[in-house]
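Colleague: model this:
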Amino acid sequence: MLLLSVDAAEIFKWIGYIIVAMLCFMFMIVVHELGHYTAGKLLGFKINEFAVGFGPAIFKKTKKNGEVFSLRCIPAGGFCAFEGEDEEEGERPDAFNAKPVWKRIIVLAAGVTFNFVSAIIILNFFFMGYGEAVPHVGAVYEYTDGAEQQFQEGDLILSVDGTKMYCMIDPSKLASSFVGDGAHEVVVLRDGEEVTLTVEKHTYDQVVTDELGGEVVTPATGLGISFTLSPYKLSYGEALGRSFTFSGEVVKLTFKAIGQLFTGDAKVSETMGGTVTAVSSLVQLTSSGAPAIAYGVAVLSLSIALMNILPLPALDGMRIVFAVIEGIRRKPLNRKVEGIIHTVGLFLLLGLAITFDLLHFFG
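Modeller: Residues are numbered from 1 along each chain as shown. Presented below is the predicted three-dimensional model:
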């Protein structure tokens, strides 16, 4: 009975993690669709429905202006349905395609913008409340050539030659900052105060553990320290700036990963994933606590923004491309053809998402 109760408690705990992960995922989708909705309302578009989820509606409420707010049974997305979105202009002046091109582009780009802004806000609080990962000096070894060791145990390394040692994206940043010989200016946080050091590589005796668990002394050339990564809380201004640079690094890494798929340097199963993969990642982060959840939501919000801005059928990026082409030609492409392209693209994207999920878990 005790074993059964423990197993049941573990199951309910993971069910809770999954529910929290799904809520986080839906939050990101709702933020995206809220961007479309907000821009549409401000620019005078007729909105027929704002839906959370897909499939049959389990709750609906109709406002006096005819707008429908619905909660649907499949918590894997959502949509903001505009009047006449895939039709000819028609007679309604507030229909989607009756509006000027520039207004449509703003509405289409608003979802991505809201995802990006929400990621910046979350990251700002994350870096203030939890912190960025910086090198934390552990063991300190004396140099064998008699040079003075500048580091002390417990130092937090904040910068090297003016470059911040923010290592959450790149854990090897410290090592790559000391390539070659010569002196480097290092700023550390020591006993609550910032201290500037002049650091060079020297030879030292490093103590390592062998396969049998014994300690072995081996000569090495370097900084004479071991370190781990520890969180360092940033001020509001630092956190805001880091939120933007961090987002830029995520964008860069994402496009690099996509490029590696074409060069063969990365596997689809390791790089890409669909909705199930995203929720699974959030479940793992949920079990690690609130800071990990905030970090995961911010990064996935950036990923949603990036994916939606790509010029792929059914996504905002392709719809913006069609709007730009219409603006250049001074007349739209065939609306029925455009609608077919987006419909077929949607099913292809859903198929790819399912394939990516299967490859991720079983590939």
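
Colleague: tell me what the helix or strand hosting S159 is packed against?
Modeller: Element membership of S159, judged by DSSP states H and E, is strand 156-160. Contacts defined by 3 or more Cβ pairs under 8 Å, 6 or more residues apart in numbering; DSSP states H and E place strand 156-160 against strand 132-140, strand 184-190, strand 225-232. (Glycine included, C-beta is placed from N, CA and C.)

Colleague: I'd say F27 and G296 touch.
Modeller: No - when contacts are counted by Cβ atoms under 8 Å, F27 is not listed as touching G296 (11.5 Å).

Colleague: quick one, helices of the stretch 251-363 of the chain?
Modeller: 268-271, 275-286, 290-309, 316-329, 335-362 (DSSP state H, counting those that start in this stretch).

Colleague: hang on, the earlier thing: make a markdown table from the helices and strands packed on strand 156-160 and add mean pLDDT and mean neighbour count to it.
Modeller: Converted to a markdown table, those look like this (pLDDT from 0 to 100; neighbours: other Cβ atoms under 10 Å):
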| stretch | mean pLDDT | mean neighbour count |
| --- | --- | --- |
| strand 132-140 | 93 | 19 |
| strand 184-190 | 94 | 18 |
| strand 225-232 | 92 | 17 |
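
Colleague: reformat those as a markdown table; add distance to P311.
Modeller: Output for the helices and strands packed on strand 156-160, formatted as a markdown table (distance: least, Cβ to Cβ, whole Å):
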| stretch | distance to P311 |
| --- | --- |
| strand 132-140 | 34 |
| strand 184-190 | 44 |
| strand 225-232 | 37 |
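
Colleague: looking at the ones you listed, spot the one closest to F244.
Modeller: Ranking the helices and strands packed on strand 156-160 by proximity to F244 (Cβ to Cβ) places strand 132-140 first, at 13.3 Å.

Colleague: that closest one vs strand 225-232, what angle?
Modeller: 150 degrees (axes from the mean of the first three to the mean of the last three Cα atoms, to 10 degrees).

Colleague: elements contacting strand 132-140?
Modeller: Contacts defined by 3+ Cβ pairs under 8 Å, 6+ apart place strand 132-140 against strand 156-160, strand 225-232.

Colleague: using PDB, write out every CA atom in that strand.
Modeller: Coordinates of each C-alpha in strand 132-140 appear next as PDB, following Å, rounded to 0.1, in the frame of the first residue of the first chain:
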ATOM      1  CA  GLU A 132      22.400  35.400 -15.400                       C
ATOM      2  CA  ALA A 133      24.800  32.500 -15.300                       C
ATOM      3  CA  VAL A 134      28.400  33.700 -14.600                       C
ATOM      4  CA  PRO A 135      31.600  31.800 -13.700                       C
ATOM      5  CA  HIS A 136      31.900  31.100 -10.000                       C
ATOM      6  CA  VAL A 137      35.500  30.300  -8.900                       C
ATOM      7  CA  GLY A 138      35.800  27.000  -6.900                       C
ATOM      8  CA  ALA A 139      39.300  25.500  -6.400                       C
ATOM      9  CA  VAL A 140      42.300  27.900  -6.700                       C
END
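
Colleague: now that strand and strand 184-190, what's the angle there?
Modeller: Going by the same axes, to 10 degrees, strand 132-140 makes 90 degrees with strand 184-190.

Colleague: start the count at 31, not 1, going forward
Modeller: Sure, I'll start numbering at 31, so the last one becomes strand 162-170.

Colleague: the inter-axis angle of strand 162-170 versus strand 186-190?
Modeller: 110 degrees.

Colleague: distance between strand 162-170 and the chain's centre?
Modeller: Taking Cα atoms, centre = their mean, to the nearest Å, the mean C-alpha location of strand 162-170 is offset from the chain mean by 25 Å.

Colleague: now do stretch 264-276
Modeller: With Cα atoms, centre = their mean, you get 16 Å for stretch 264-276.

Colleague: so what's the residue count around K361?
Modeller: 8 (other Cβ atoms under 10 Å).

Colleague: just H62 next, same as before
Modeller: For H62, using other Cβ under 10 Å, the count is 26.

Colleague: N154 versus that one, what's the distance?
Modeller: As defined by Cβ to Cβ, to the nearest Å, H62 lies at a distance of 19 Å from N154.

Colleague: how about CSV for the helices and strands packed on strand 162-170, with distance to S207 added?
Modeller: CSV is the format used below for these (distance: least, Cβ to Cβ, whole Å):
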stretch, distance to S207
strand 186-190, 4
strand 255-262, 12
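
Colleague: the ones you listed: which one's closest to K129?
Modeller: That would be strand 255-262 among those, by Cβ to Cβ, at 46.9 Å.

Colleague: what mean pLDDT does the helix or strand harbouring P249 get?
Modeller: P249 is part of strand 245-252 when elements are defined by DSSP H and E. The average pLDDT for strand 245-252 rounds to 82.

Colleague: also stretch 264-276?
Modeller: Stretch 264-276 comes out at a mean pLDDT of 95.

Colleague: helix or strand right after whichever helix or strand F99 is part of?
Modeller: Using DSSP H and E, F99 sits in strand 98-112. Next helix or strand after strand 98-112 toward the C-terminus (DSSP H and E): helix 131-159.

Colleague: in that next one, which residues are buried?
Modeller: The neighbour-count check on helix 131-159 (16 or more other Cβ atoms under 10 Å) flags 131, 133-146, 148-150, 152-154, 156-158 as buried.

Colleague: rewinding a little: what's next to the strand holding P249, contact-wise?
Modeller: Contacts with strand 245-252, where a contact means Cβ atoms under 8 Å, 6 or more residues apart in numbering, come from T174, F208, K231, H232, T233, Y234, D235, Q236, V237, V238, T239, D240.
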